[in-house]
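Visitor: Need the 3D shape of this:
(2 chains)
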There are 2 protein chains.
Amino acid sequence: MKLYEFAPAPNARRVSLFLAEKGIEIERVPVDVRGGANLTDAFRAMSANGKIPLLELDDGSYLCESVAICRYLDETFPSTPSLFGDTPLARARIEMWHRIVELDGLLPAFQAFRNISGVYQDREHCVPEWGEESRRRVRQFLPRLEHRLSRSPYVAGEQYSVADIAAYVLADFCVQRLSITLDEYPYLQAWLARIEARPALRRPG
Amino acid sequence: MKLYEFAPAPNARRVSLFLAEKGIEIERVPVDVRGGANLTDAFRAMSANGKIPLLELDDGSYLCESVAICRYLDETFPSTPSLFGDTPLARARIEMWHRIVELDGLLPAFQAFRNISGVYQDREHCVPEWGEESRRRVRQFLPRLEHRLSRSPYVAGEQYSVADIAAYVLADFCVQRLSITLDEYPYLQAWLARIEARPALRRPG
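Guide: Model prediction:
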């Protein structure tokens, strides 16, 4: 297998953190997304959404969408605990929280960054007012995440899961890309410290 | 179990179509979302995202997020074929296409409708320019869906899956809510006819 990625992109980072947590080593192929290397016909023929991360399987077929890639790897490398859950109810709870973090946190964060910065204005029409509104929605989501982490050691419950990976990437994106500080959220800070103490976070990725 | 829903909402419809396809009967509790019944403290205490659909389990706990609800029901009613896939690779391909339909089709469609119509302007700031841009993105997605359906009988491959349910709800939303006609897409039309011939589509829901 080979993983096509653009390391700074948050969705590539989700897969990298997942691989590190599971201890999976895989060949990496860098793709210059900022330079438009994912816009070529050759890349689009491989990636159904035209985006990275993209996993090339040993049979020559491809999987895109970071969560689909992680779910596939979770099931094909079962030697470590599942990050998607071990029972129907655990899987549903993890999916619920994962989607809440994505839909109410990560996606507004991406829309805020792209529409305010215009980083991809060579390929999309940006609406700065929507960028600012999206940034406000990210700020409104953070107290909800803080409330959750005041009652639960990890986002989806007692165990570390893909929902924590998404929330960790969100927290970092808030600070690095959206100038949103997290200092006012003590439970979120304590959770960040628990996440950053994990061996997977101390490896490159 | 009980399902709290607002029947006209597209995410409630996804769960209804899923239940009909699986032949699952479940008690329904209508929630007046337009009237703000989901904004009360009582409802928020049940629903982690403050939204419908919301599944109350027999132990008194709750699951929100339509896809998490469907995945849970898929696994707890295994008497009919899984709509999420039966092998790791099938599950990954269905998740990939399901997410493409959601992220590149349904979410822009929802953002288009909400920002153009202002249907929820009592509870959110609307940006009409983003609504129009989102509508353009939905229109740009439809040729991709047409291309996919020119090569595959169903969205994720040879079998009907949750990705078809999401795409069906999207197609209907385009026509009903966004005044986007689908007449120029013959493969999409043929697929719609296949979907609408399914017994589940002929029942109410």
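
Visitor: interface residues of chain A facing chain B?
Guide: Taking CB under 8 Å from any CB of the partner chain as the contact definition, chain A meets chain B at A:48-49, A:57, A:63-65, A:67-69, A:71-72, A:75-76, A:88-89, A:91-93, A:95-97, A:99-100, A:103-104, A:107, A:125, A:127, A:129-130, A:133, A:136, A:148. For the C-beta atoms, the positions are set from N, CA and C on the backbone; glycine is no exception.

Visitor: Please list only the buried members of these.
Guide: A:48-49, A:63-65, A:67-69, A:71-72, A:89, A:91-93, A:95-97, A:99-100, A:103-104, A:107, A:127, A:130, A:133, A:148 (16 or more other CB atoms under 10 Å in any protein chain shown).

Visitor: which parts of stretch A:181-198 are buried?
Guide: A:182, A:185, A:187, A:188, A:191, A:192, A:195.

Visitor: now that stretch, how far from the chain's geometric center?
Guide: Stretch A:181-198 sits 17 Å away from the centroid of its parent chain (CA atoms, centre = their mean, to the nearest Å).

Visitor: Can you tell me what sits against that stretch?
Guide: A:21, A:142-143, A:145-146, A:149-150, A:153-155, A:160, A:164, A:168, A:171, A:174-175, A:201 (CB atoms under 8 Å, 6 or more residues apart in numbering or on different chains).

Visitor: switch the cut-off to 10 Å
Guide: Stretch A:181-198 has contacts (CB atoms under 10 Å, 6 or more residues apart in numbering or on different chains) with A:17, A:20-21, A:142-143, A:145-155, A:160, A:164-165, A:167-168, A:171-172, A:174-175, A:201-202.

Visitor: care to break chain A down by domain?
Guide: Following automatic domain parsing, one finds the domains of chain A at A:2-76, A:88-202.

Visitor: would TSV of the ones you listed with mean pLDDT be doable?
Guide: Below are those laid out as TSV (pLDDT from 0 to 100):
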stretch	mean pLDDT
domain A:2-76	94
domain A:88-202	97
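
Visitor: As CSV, those with distance to residue B:4 would be great.
Guide: Putting the domains of chain A into CSV (distance: least, CB to CB, whole Å) gives the following:
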stretch, distance to residue B:4
domain A:2-76, 26
domain A:88-202, 14
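
Visitor: Select, out of those, the one closest to residue B:111.
Guide: Across the domains of chain A, residue B:111 has its closest neighbour in domain A:88-202 (8.6 Å, CB to CB).

Visitor: and stretch A:33-40, how far out from the chain's middle?
Guide: For stretch A:33-40, the distance from its own C-alpha centre to the chain's C-alpha centre is 20 Å (CA atoms, centre = their mean).

Visitor: hmm, who's touching that stretch?
Guide: Under CB under 10 Å, 6+ apart, the answer for stretch A:33-40 is A:4-9, A:12, A:30-32, A:43-44, A:46-47, A:49-52, A:54, A:119-120, A:122-123.

Visitor: If we use 8 Å, what do you get?
Guide: With CB under 8 Å, 6+ apart, stretch A:33-40 has contacts from A:6, A:9, A:31, A:43, A:44, A:47, A:50, A:51, A:52, A:119, A:122, A:123.

Visitor: ditto for stretch A:57-69
Guide: For stretch A:57-69, contacts defined as CB under 8 Å, 6+ apart pick out A:1, A:3, A:11-12, A:14-15, A:46-49, A:51-56, A:72, A:98, A:162, B:89, B:92-93, B:95-96, B:99-100.

Visitor: now stretch A:106-113
Guide: A:10, A:119, A:130-132, A:134-135, A:137-138, A:141, A:166, A:169-170, A:173-174, A:177-178, B:103, B:107.

Visitor: Report the two of the buried residues of stretch A:181-198 separated the most.
Guide: A:185 and A:195 (13.8 Å).

Visitor: which stretches of chain A form strands?
Guide: Here chain A has its strands, by DSSP state E, at A:2-5, A:27-30, A:54-56, A:62-64.

Visitor: and the third one, which strands flank it?
Guide: Strands flanking strand A:54-56 in the sheet, each with its direction: strand A:2-5 (antiparallel), strand A:62-64 (antiparallel) (DSSP bridges).

Visitor: What are the buried residues along it?
Guide: Buried-residue list, strand A:54-56, by 16+ other CB under 10 Å: A:54, A:55, A:56.

Visitor: Mind giving me the packing neighbours of the lengthiest helix in chain A?
Guide: Determined from DSSP state H, the single longest helix within chain A is helix A:128-149. Here helix A:128-149 touches helix A:107-117, helix A:162-177, helix A:186-196, helix B:128-149, going by 3 or more CB pairs under 8 Å, 6 or more residues apart in numbering or on different chains; DSSP states H and E.

Visitor: Can you add distance to residue B:84 and give the ones you listed back as a markdown table?
Guide: What follows is these, written out as a markdown table (distance: least, CB to CB, whole Å):
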| stretch | distance to residue B:84 |
| --- | --- |
| helix A:107-117 | 22 |
| helix A:162-177 | 16 |
| helix A:186-196 | 28 |
| helix B:128-149 | 19 |
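
Visitor: Dump the strands paired with strand A:54-56 to CSV, plus distance to residue A:115.
Guide: CSV is the format used below for the strands paired with strand A:54-56 (distance: least, CB to CB, whole Å):
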stretch, distance to residue A:115
strand A:2-5, 24
strand A:62-64, 23
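
Visitor: any chance of the strands of chain A in a markdown table, plus distance to residue B:83?
Guide: A markdown table is the format used below for the strands of chain A (distance: least, CB to CB, whole Å):
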| stretch | distance to residue B:83 |
| --- | --- |
| strand A:2-5 | 28 |
| strand A:27-30 | 33 |
| strand A:54-56 | 23 |
| strand A:62-64 | 19 |
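
Visitor: Please identify which of the ones you listed is closest to residue B:25.
Guide: strand A:62-64 (35.4 Å).

Visitor: circling back: list buried residues within the contacts of stretch A:181-198.
Guide: Using 16+ other CB under 10 Å, the buried ones in those are A:17, A:20-21, A:142, A:145-146, A:148-149, A:154-155, A:160, A:164-165, A:167-168, A:171, A:174.

Visitor: which ones are touching residue A:102?
Guide: Per CB under 8 Å, 6+ apart, neighbours of residue A:102: residue A:166.
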